[in-house]
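1. for reference, the sequence and a predicted model appear below.
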Amino acid sequence: MNRYWVLMLLVAFPAMLLAQQNYPQQPPPAPYQPAVPPPSNINAYGGMYSSPGTAAGSAMNGMANVLSAKGNYNLSTSAAAINMTQAEKNSIENAQLRTDTYFQMRATNRAATKAERGPPPTAEEIARIAREGAPRPVTQQEVNPMSGQINWPSALQQDVFTPQRETLEPILSKQAKYGNLPFADQMTARKTIETMFSELKKMITSIPPQEYSTSRSFLNSLIYATSKAQLQ
């Protein structure tokens, strides 16, 4: 009896393995896609009254066609709504892409401009540039630091500059005595020196170039010494 069952198992086991190998494999489930069914061309009553030979059949076919047309209209309306929703989504995505691209281009432009400009100047560099751009200070030979007496260049000793010299000499004496000037005296000195420079420019063709350059440099140093301004 035991031999019988052993024999049966030996015969059945290969058959089971062969059946499992030949059993069709199920494909993986496809991702969900919303389906839009095709329009129906079957009447609402399954064709029971489709016989064209009777009045009742014709009436029922007409009713079925009306219902089918209504269903097709609803189907088309639903499909149009889906299309409109997708179109609106695409429009929003495109607008977002345009906005992102715009700000990315601005950031790229700012980075390129910053790279071309190089690092900003340091405080020491700014101070050095200011010193280099400032007029040279008046020398002790030009203005006596103890008395404030002015040694005017030859071109500025002409009679046309007498009123301006008489205004400036007391101011320079006050500056030598007190070390600084009130704001009102600074403004007076500035306007007076600018007036002298205007008169000097009118003589540019009538005096030697060296005299003009020396007088202009002197006035620029003088206006900076009294009011920290420069000639324009």
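-> Yes, it's here. Residues are numbered from 1 along each chain as shown.
2. so what are the domain limits for the protein?
-> Following automatic domain parsing, one gets these domains for the chain: 41-118, 137-227.
3. what about the last one, how long is it end to end?
-> Going back to what we said before, that points to domain 137-227. Length of domain 137-227, first residue to last, C-alpha to C-alpha, to the nearest Å: 12 Å.
4. need the winner for burial among the domains of the chain.
-> Among the domains of the chain, domain 137-227 has the highest mean neighbour count (mean count of other C-beta atoms under 10 Å), at a mean of 15. Quick note: C-beta positions are derived from backbone N, CA and C, even for glycine.
5. check contacts around Met203.
-> Contacts for Met203 (C-beta atoms under 8 Å, 6 or more residues apart in numbering) come out as Ala155, Tyr212.
6. go on, Leu231?
-> Each residue near Leu231 by C-beta under 8 Å, 6+ apart is listed here: Ile193, Glu194, Phe197, Arg216, Leu219, Asn220, Ile223.
7. give the next helix or strand downstream of the helix or strand harbouring Thr195.
-> Using DSSP states H and E, Thr195 falls within helix 183-202. Next helix or strand after helix 183-202 toward the C-terminus (DSSP H and E): helix 209-227.
8. rounded mean pLDDT for that following helix, please.
-> Mean per-residue pLDDT for helix 209-227: 92.
9. what's in contact with it?
-> Contacts of helix 209-227 (C-beta under 8 Å, 6+ apart): 134-138, 142-143, 150, 152-156, 168, 171-172, 175, 181, 185-187, 189-190, 193-194, 196-197, 200, 203-204, 229-231.
10. residue contacts, the residue nearest to Val143 when sequence neighbours are not counted?
-> Nearest non-adjacent residue to Val143, counting by C-beta to C-beta, 6 or more residues apart in numbering: Ile150, 5.5 Å away. Ile150 makes contact with Glu142, Val143, Asn144, Arg165, Leu168, Glu169, Leu172, Leu222 under the criterion C-beta under 8 Å, 6+ apart.
11. and the domains of the chain, which one averages the lowest pLDDT?
-> Across the domains of the chain, domain 41-118 gives the lowest mean pLDDT, at a mean of 69.
12. hang on, the earlier thing: strands - which of the contacts of Ile150 land there?
-> Assignment to strands by DSSP state E places none of the contacts of Ile150 there.
13. which of those lies closest to Ala107?
-> For the contacts of Ile150, the residue nearest Ala107 by C-beta to C-beta is Leu222; the value is 51.1 Å.
14. quick one, helices of this structure?
-> Assigned by DSSP state H, the helices in the chain fall at 2-22, 55-117, 123-133, 162-178, 183-202, 209-227.
15. tell me the angle the last one makes with helix 162-178.
-> For helix 209-227 and helix 162-178, the angle between their directions (axes from the mean of the first three to the mean of the last three C-alpha atoms, to 10 degrees) works out to 50 degrees.
16. ok, back up a step: quick one: contacts of the helix holding Thr195?
-> 155-156, 160-161, 164, 167-168, 171, 174-175, 181, 212, 215-216, 219, 222-223, 226-229, 231.
17. go again with 10 Å.
-> 152-153, 155-156, 158, 160-161, 163-168, 170-172, 174-175, 178, 180-182, 207, 211-212, 215-216, 218-220, 222-229, 231-232 (C-beta atoms under 10 Å, 6 or more residues apart in numbering).
18. so it versus helix 209-227, what angle?
-> Per the same axes, to 10 degrees, the angle that helix 183-202 makes with helix 209-227 is 170 degrees.
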